[in-house]
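>>> Attaching a predicted model along with its sequence, questions to come.
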Amino acid sequence: MELSSSTIIQLRAFEAVGRNLSFKLAAEELFVTQAALSHHVRHLEEDLGVQLIRRLHRRIELTVEGAQLLADSARALDALSAALRNVQRVAKEEVLTIGVSPYFSLRWLTPRLGRLWQRHPGINLLLHHTYQPADFLHNKIDAEITWGHGKWPGVESTLVLKTKLTPICTPEYWKRFRGRLKPKDLLKHHLFYEVDQAHWQQWFTAAGVRDAQHFDAMRIDDPHALRQVVLDGHGFGLFYAELTREDVRTGKLLQPFDIGIDPGCAYYLNRPKDAPVREKLHTFTGWILDEVAKNPFA
């Protein structure tokens with residue numbers, strides 16, 4: 001006799017009846033009717049070809065076969081319950097490890113984590129902060145959020161957030177020039193960038209500035225330091241508009257020109273292409289894409 005789902009239901013019904021020696025008490029315990037329990041027990045007896053319970057006047061008793069099956073089924077059901085609890089415990093305790101660039105984490109991801117836990121309270125998340133692409137072969141990282149072109153070998157990439165580069169400065173710095181600066185005037189100021197000086201050239205071109213060949217631009221290869229240089233009032237930083245929204249909203253920084261350039265890169269959620277997708281990663285991916293769709297800059 002094979003152990004089917006209906007057989008497990010019948011065994012659970014028989015175990016409750018045999019343990020209580022009462023259809024009434026077993027029905028109250030399992031929140032079903034006595035008729036349903038009697039139905040399950042009779043079907044089990046028919047399938048086994050063995051009488052398990054003697055139905056006497058106002059009481060029941062187990063046959064020898066019934067007593068043996070009660071002991072065995074009780075142990076089996078206890079073991080099954082323990083296995084299910086263990087699966088739930090492991091799933092709850094299992095950590096989802098996401099690699100993420102520190103600045104994106106600070107300015108975009110971590111402010112939203114409250115919404116993640118409100119929607120998925122059971123998710124156990126570990127953020128591994130690094131600017132280096134994840135080594136999925138040797139590091140225990142489920143996925144990573146990184147900035148780049150989105151074309152990495154052996155990786156499945158999902159677009160998270162596109163970025164545009166635009167100049168920012170402090171309101172105080174802007175006020176020193178009474179807000180009268182035009183894009184071409186930035187050629188005479190200290191300019192800062194993170195990745196490529198050519199991005200400033202592209203921005204001047206997009207702003208209609210001709211012959212922008214000579215300007216003072218300094219590379220600062222960390223976005224935290226770049227932001228701080230601008231906050232200290234040293235000049236204009238070419239920055240991701242999408243990651244300065246909070247600074248602009250609170251008045252710490254100013255975006256003086258509504259002109260941005262596409263650097264050709266964006267933030268992507270990457271995972272190993274051939275690896276199975278764990279349920280927690282599937283949940284996290286769905287949540288972050290919903291955040292981008294509903295609250296891209298919140």
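Sure thing, it's come through.
>>> just the helices in this protein please.
Listed in chain order, the helices found in the chain under DSSP state H are 5-20, 23-30, 34-48, 64-93, 102-104, 113-119, 171-175, 198-206, 223-231, 245-249, 279-294.
>>> Tell me which of the ones you listed lies nearest to I141.
Proximity of those to I141 was assessed by CB to CB; the nearest stretch is helix 279-294, lying at 10.5 Å. For the C-beta atoms, the positions are set from N, CA and C on the backbone; glycine is no exception.
>>> A217: which of the helices of the chain is closest?
Shortest separation from A217 across these is recorded for helix 198-206, at 5.3 Å, computed as CB to CB.
>>> and the closest one, which residues are buried?
Residues of helix 198-206 classed as buried by neighbour count (16 or more other CB atoms under 10 Å): 199-204, 206.
>>> And stretch 244-258, by the same measure?
Neighbour counts over stretch 244-258 (16+ other CB under 10 Å) mark 244-245, 247, 253-257 as buried.
>>> now swap in stretch 39-49 and tell me
Residues of stretch 39-49 classed as buried: 40-41, 43-45 (neighbour count, 16+ other CB under 10 Å).
>>> Kindly report the same for stretch 215-224.
When neighbours are counted by 16+ other CB under 10 Å, the buried residues of stretch 215-224 are found to be 215, 217, 220, 223.
>>> what's the average pLDDT for stretch 275-293?
The average pLDDT within stretch 275-293 is 91.
>>> What of stretch 72-83?
Per-residue scores along stretch 72-83 average to 80.
>>> Domain map for the chain?
Following the assignment in automatic domain parsing, the chain carries domains at 5-93, 95-161+265-294, 165-249.
>>> how about a markdown table for the buried residues of stretch 244-258, with distance to P272 and pLDDT added?
Written out in a markdown table, the entries for these read as follows (distance: CB to CB, whole Å; pLDDT from 0 to 100):
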| residue | distance to P272 | pLDDT |
| --- | --- | --- |
| T244 | 32 | 91 |
| R245 | 32 | 89 |
| D247 | 35 | 94 |
| L253 | 37 | 96 |
| L254 | 42 | 96 |
| Q255 | 38 | 96 |
| P256 | 43 | 95 |
| F257 | 41 | 95 |
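>>> Let me know the closest of those residues to A36.
Closest approach to A36 among the buried residues of stretch 244-258 (CB to CB): R245, at 59.0 Å.
>>> Tell me how many other residues surround H149.
Residues within reach of H149, counting by other CB atoms under 10 Å, total 11.
>>> related to what we said a few turns ago, between the buried residues of stretch 39-49, which has the least confident prediction?
Least confident by pLDDT among the buried residues of stretch 39-49: that is L44, with 86.
>>> Setting aside sequence neighbours, what's the nearest residue to it?
Setting aside the residues directly before and after it, L44 is nearest to Q10 in space (CB to CB, 6 or more residues apart in numbering), at 4.0 Å.
>>> Could you report the neighbour count for the one you found?
One way to gauge burial is a neighbour count; for Q10, by other CB under 10 Å, it gives 23.
>>> surely it meets R42?
No. Contact criterion CB atoms under 8 Å: Q10 and R42 do not qualify, at 9.2 Å.
>>> show me the contacts for the residue lying closest to A212 once chain neighbours are set aside.
Setting aside the residues directly before and after it, A212 is nearest to F204 in space (CB to CB, 6+ apart), at 3.6 Å. Contacts for F204 were tallied using CB atoms under 8 Å, 6 or more residues apart in numbering; they are 183-184, 186-187, 212, 215.
>>> Filter those residues down to the buried ones, ChimeraX style.
Applied in ChimeraX, the following selects the buried portion of the contacts of F204 according to 16+ other CB under 10 Å:
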select :183,186,187,212,215
